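Undergrad: With the sequence up front, the predicted model follows.
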Amino acid sequence: MLGSSRYRSIVASALLIAGAVVASCVPSEAQTIKEIVAKKKISIGVMTGIPPYDTVDTSGKTIGYNVDLANLIGKYLGVEVEIVPVNNSSRIAALESGKIDVQIALATATPERAKVVMFTSPYGSYDMSLIGAKTANIKKVDDLAGKKVSVPKGSTQDLTISAFNFPGMQVVRFDDDATAMQALVSGQVDATAAPAVMANDLLKKNGLERLEVKTPIYSQYQSMAVRMGSFELLQWLNNFIFYIRTDGQLDALHKKWTGVPVPNQPLPSF
């Protein structure tokens, strides 16, 4: 098993490096609450393909925990909500370019990312875990030696797993979480790294009884994000997060989609 200090160092370094993997684009202007209310609409980017956080139903409509949060923002602002699908590589670019006003896309606030966007206090948390066959000997991260592991390209799990550098381990990169998981389902790899809630939801709904969540890698917090300089909107969102945390709405939404309250509480604030 990796020493705890070395392990924490690897994870911290991965989170810092991941923040640097953002697209360069011409930034849009900061926004105010007055401007959003005046246009009667707010565009919110959510990460699709990560059920039950965000997914697409049979009619093609985007649904999930983060979508419900986005709609709740619209309710309290009194405006229409436009849901805009984003992925790991496009979520910050969409915010900077003005395609979206707010990002609710499973993003961790890192110092590098905070150079280009502004993050709220965390609204959620999840355990990043290894997923594999029940028969696979993966009880700890060290057991990835000699195995193929799929990850979303440029994600924090990509950088964390790659930094382990175990003998014979192969990291296979895909465009997003969904295709990385599909690589495990189809037998292309021995394991994948994914949020435990997402994995359990997928395995249950698809009858994949031969697969299971093997072991956690690290816990990760989720923050919303706004364009640089949007202090008023940032403050409103922090107020919103505090309000729905204290009155139970946040836990209720998380239970609706995952069956459990928001993990790793109390959530930090900054």
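TA: That came in fine, so what should we check first? Values in this document were obtained by computation on a predicted structure and should not be read as measured data.
Undergrad: where does the stretch 151-270 of the chain dip in pLDDT?
TA: Scanning the stretch 151-270 of the chain for pLDDT under 70 picks out nothing.
Undergrad: Which residue lies nearest the spatial centre of the chain?
TA: residue 106 (2.2 Å; C-alpha atoms, centre = their mean).
Undergrad: quick one: contacts for that one?
TA: 47, 50, 53, 66, 126, 195, 222 (C-beta atoms under 8 Å, 6 or more residues apart in numbering). The way it works is simple: take the backbone N, C-alpha and C, and place the C-beta from them, glycine included.
Undergrad: of these, the lowest pLDDT goes to which?
TA: Among the contacts of residue 106, residue 50 carries the weakest pLDDT, at 81.
Undergrad: Now do the contacts for that residue.
TA: Shown in contact with residue 50 (C-beta under 8 Å, 6+ apart): 64, 106, 177, 178, 195, 198.
Undergrad: packing partners for the host helix or strand of residue 132?
TA: Assigned by DSSP states H and E, residue 132 belongs to strand 124-133. Under the contact criterion of 3 or more C-beta pairs under 8 Å, 6 or more residues apart in numbering; DSSP states H and E, strand 124-133 touches helix 156-164, helix 177-185, strand 191-195, helix 196-205, strand 211-227.
Undergrad: In what element of secondary structure is residue 208 found?
TA: Per DSSP H and E, there is no helix or strand for residue 208.
Undergrad: tell me the helices in this structure, going along the chain?
TA: 4-20, 33-39, 65-77, 91-97, 156-164, 177-185, 196-205, 231-246, 249-258 (DSSP state H).
Undergrad: got these as TSV, with distance to residue 57 and mean neighbour count columns?
TA: Formatted as TSV, those follow (distance: least, C-beta to C-beta, whole Å; neighbours: other C-beta atoms under 10 Å):
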stretch	distance to residue 57	mean neighbour count
helix 4-20	30	16
helix 33-39	27	14
helix 65-77	10	19
helix 91-97	21	22
helix 156-164	26	22
helix 177-185	15	21
helix 196-205	12	20
helix 231-246	24	17
helix 249-258	13	18
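Undergrad: Now render the ones you listed as a markdown table, adding distance to residue 111.
TA: Shown next, in a markdown table, are the helices of the chain (distance: least, C-beta to C-beta, whole Å):
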| stretch | distance to residue 111 |
| --- | --- |
| helix 4-20 | 6 |
| helix 33-39 | 27 |
| helix 65-77 | 24 |
| helix 91-97 | 14 |
| helix 156-164 | 13 |
| helix 177-185 | 24 |
| helix 196-205 | 26 |
| helix 231-246 | 17 |
| helix 249-258 | 26 |
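Undergrad: can you tell which of these is closest to residue 112?
TA: Ranking the helices of the chain by proximity to residue 112 (C-beta to C-beta) places helix 4-20 first, at 2.9 Å.
Undergrad: Would you quantify the distance from the closest residue to residue 102 other than its chain neighbours to residue 85?
TA: Spatially, and ignoring its direct neighbours in sequence, residue 102 is nearest to residue 44 (4.8 Å; C-beta to C-beta, 6 or more residues apart in numbering). To residue 85, residue 44 is 11 Å away according to C-beta to C-beta, to the nearest Å.
Undergrad: okay, these two: which has more neighbours?
TA: For residue 44 and residue 85, the more surrounded residue by other C-beta atoms under 10 Å is residue 44, and the numbers stand at 23 against 16.
Undergrad: Residue 77 is in contact with the more buried one, correct?
TA: No. The pair residue 44 and residue 77 fails to qualify as a contact (C-beta atoms under 8 Å) at a distance of 10.7 Å.
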